[in-house]
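Asks: predicted coordinates and the sequence they were generated for:
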Amino acid sequence: MSEDILLDRNLYRKIKNMNKSELNQFIHNVYNTGKEDALSEIEITEIKGIGETRLNKIMDIISKNI
């Protein structure tokens, strides 16, 4: 997780002035950024007994449900 991203005064003002669709898109972008960060940090391959085939099945299930 990046500590650089903060809700500073300028961002707060931009959010405050957004209409519904702009705010929806902003929240969607924040969600997707977090989702991508979370998926990139998954370390299932380090678990003993998890091979490539099993890993692919696990990742398919995770992708479908996230």
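Replies: Thanks, I have it. Residues are numbered from 1 along each chain as shown.

Asks: and the pLDDT for residue 59?
Replies: Residue-level confidence at residue 59 comes out at 82, pLDDT.

Asks: list the contacts of it.
Replies: 42, 44 (CB atoms under 8 Å, 6 or more residues apart in numbering). For the C-beta atoms, the positions are set from N, CA and C on the backbone; glycine is no exception.

Asks: please, which helix or strand holds the residue most central in space within the chain?
Replies: The centroid of the chain falls nearest to residue 35 when counting by CA atoms, centre = their mean (1.6 Å). Taking DSSP states H and E as the definition, residue 35 sits inside helix 20-40.

Asks: residue 10: which element?
Replies: Per DSSP H and E: helix 9-16 holds residue 10.

Asks: give me the mean pLDDT for that helix.
Replies: 93.

Asks: just checking, what packs against that helix?
Replies: Packed against helix 9-16, as judged by 3 or more CB pairs under 8 Å, 6 or more residues apart in numbering; DSSP states H and E, are no other helices or strands.
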